[in-house]
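> Any chance you could fold what I've pasted below:
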Amino acid sequence: MKYLTIALTKGRLAKKTLELFKKAGITSGGADDENTRKLIFTNEEMGVRFFLAKGPDVPTYVAYGAADIGIVGRDTILEEGRKIYEVLDLKYGACRMCICGPPGAREILNSGDQFRVATKYPNIAKDYFLNRRHQSVEIIKMNGSIELAPIVGLSEVICDIVETGSTLKENGLEVLEEVCHLSARVVVNQVSMKMENARITWLITKLKEVMEK
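Next up, the predicted model:
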């Protein structure tokens, strides 16, 4: 039997996704056991198998066909830029990608001068400023607390995910512009979409039914 292989993003996203699959009648073979050291989980009856991966790796597994389907945040899809089909918005993990900074940075954004943008998402930031704002900016790739960058003078603004905005507020920053809305998405390998269309369509339909209840 050829398994339908599903790559899940580790952490909160996987937990939510496995709950959704369970409601749809698709059990994961133990992927929801937080103490397990197994890497692959199989539902023999349905011919489905799951594995957990770091967010940025999920689109890669799907693009190269190691997974037929992936569940991953839209921020990761946009940042990785892989050739995959985005087929369903799962609605959870909702947040926004925003340009943030101190209140005075609004003037800098609209001044026409070059400025620096600190971000964990250089591709999203580059696309936004180049293709939507038609501005040339210097992008600084960061890994830690992005909010620190404008406070210590490393950058004028940041491009980052905003959920509640409380961290920004505590540090004297605010949302200046919204780049896009984000949430968990189902992505599919392009070849799998043709070769396994019936099974993938069945799975997507089952998930939609649960979401609409």
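> Every contact and neighbour count from this point should use C-alpha atoms.
OK.
> what does the domain assignment say about this structure?
For the chain, the structural domains run 4-93+183-212, 95-180, going by automatic domain parsing.
> Any idea how far stretch 184-194 is from the middle of the chain?
15 Å (CA atoms, centre = their mean, to the nearest Å).
> next one: stretch 80-100
With CA atoms, centre = their mean, you get 5 Å for stretch 80-100.
> Residues contacting it, please?
13, 56, 59-60, 62-63, 73, 75, 123, 157-163, 173-190, 204, 211 (CA atoms under 8 Å, 6 or more residues apart in numbering).
> Show residues contacting the longest strand anywhere in the chain.
Using DSSP state E, we find that the single longest strand of the chain is strand 174-182. Here strand 174-182 makes contact (CA under 8 Å, 6+ apart) with 73-75, 93-103, 106, 128, 165, 168.
> Please identify the buried residues of that strand?
Buried residues in strand 174-182, counted by 16 or more other CA atoms under 10 Å: 174-176, 179, 182.
> what bits of the protein have low per-residue confidence?
1 (pLDDT under 70).
> Find the nearest non-adjacent residue to the spatially most central residue of the chain, please.
The chain has residue 73 as the residue nearest its centroid, 2.0 Å off, counting by CA atoms, centre = their mean. Spatial nearest neighbour of residue 73, excluding adjacent residues (CA to CA, 6 or more residues apart in numbering): residue 184 at 4.3 Å.
> from memory that neighbour sits against residue 74, does it?
Yes: using CA atoms under 8 Å, residue 184 is in contact with residue 74, at 6.1 Å.
> Identify the residues contacting the helix ranked longest in the chain?
Assignment by DSSP state H gives helix 197-212 as the longest helix of the chain. Helix 197-212 has contacts (CA under 8 Å, 6+ apart) with 4, 20-21, 23-24, 88, 90, 193.
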